[in-house]
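Student: Structure of the sequence below:
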Amino acid sequence: MPERENTMDLTLNSLISMVTATVRAPRDGARWALNLRLSVSELWMLVALVVLLGGLRTGLMAVLLPMPDAYQMLPPLLRSPFAMTFALGLVLVGFAYLLAPAGRALGGNGNTAASLIVMSWWQFVMFCLRLVELGVILISPFLGVLLQLGITGLAIWMLLAFVSELHGFDGVGTSAFAVLIAAVGVVLAMSLLMGLSGITLSGGLPNA
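Tutor: Coordinates of the predicted model:
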């Protein structure tokens, strides 16, 4: 891995190469992302890009595949591609913002900007893996389900490795605790936001 990158190399071949390298060695991939010299505007462009890609993938899945019952139970307002993309953005940014202080409270040294970078790169890698999963499901649903389980496990392992690199933790145990704290915070914040906006999971906006 390069020690320091001066610019982002966004060629297709380089991105595929880095995604593959990240899957093989997640901490090295996170280190590569952290070594990018991103301005504030470039960082938020990266965040916006991965959120839009995530929303696109969700929209494709909704069109091409039967969605689970939990998705069907959502009100139409929350099932729209725009709402799903907006929610993904809130979760990603909220999780990154909470992950930084959660890790520091446990002895880590990651900051908010670094947290946004590693979470955005994790989200992009997951987008690529889920696209492969979608293609396999369309060809063979049985193999797709097996691949889905494997990718889910890989996603958790990669996330813990990314957090370990972000905060300088030696193992994944402390990273798991930091992830748990941030995840609980995001769930509570989203629940509060939905409550304040008057959105319910069973019926959308309440009647006036």
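Student: lowest-confidence helix or strand of this structure?
Tutor: helix 69-72 (a mean of 56; mean pLDDT, DSSP states H and E).
Student: Can you give the contact residues for whichever helix or strand L15 is part of?
Tutor: In the assignment (DSSP states H and E), L15 maps to helix 12-24. Contacts with helix 12-24, where a contact means C-beta atoms under 8 Å, 6 or more residues apart in numbering, come from M1, D28, G29, A30, W32, W121, F124, V125, C128, L129, L154, M158. Every C-beta, even on glycine, is put in place using the N, C-alpha and C of the backbone.
Student: Mind doing that once more with 10 Å?
Tutor: 1, 8-9, 11, 28-33, 121-122, 124-129, 151, 154, 157-158, 161-162 (C-beta atoms under 10 Å, 6 or more residues apart in numbering).
Student: Likewise for stretch 91-99?
Tutor: Residues contacting stretch 91-99 (C-beta under 10 Å, 6+ apart): 44, 47, 50-51, 54, 102, 108, 110, 112-120, 122-123, 159, 162-163, 166-167, 175, 178-179, 181-190, 193.
Student: now that stretch: how far from the chain's centre is it?
Tutor: Computed by C-alpha atoms, centre = their mean, to the nearest Å, the chain-centroid distance of stretch 91-99 equals 10 Å.
Student: Quick one: neighbours of M126, just the number.
Tutor: M126 has 22 neighbouring residues, counting by other C-beta atoms under 10 Å.
Student: re earlier: buried residues in the helix holding L15, which are they?
Tutor: M18, V19, T22, V23 (16 or more other C-beta atoms under 10 Å).
Student: Reformat those residues into JSON lines and put pLDDT and distance to I139 next to each item.
Tutor: Putting the buried residues of helix 12-24 into JSON lines (pLDDT from 0 to 100; distance: C-beta to C-beta, whole Å) gives the following:
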{"residue": "M18", "pLDDT": "92", "distance to I139": "26"}
{"residue": "V19", "pLDDT": "92", "distance to I139": "21"}
{"residue": "T22", "pLDDT": "94", "distance to I139": "25"}
{"residue": "V23", "pLDDT": "94", "distance to I139": "21"}
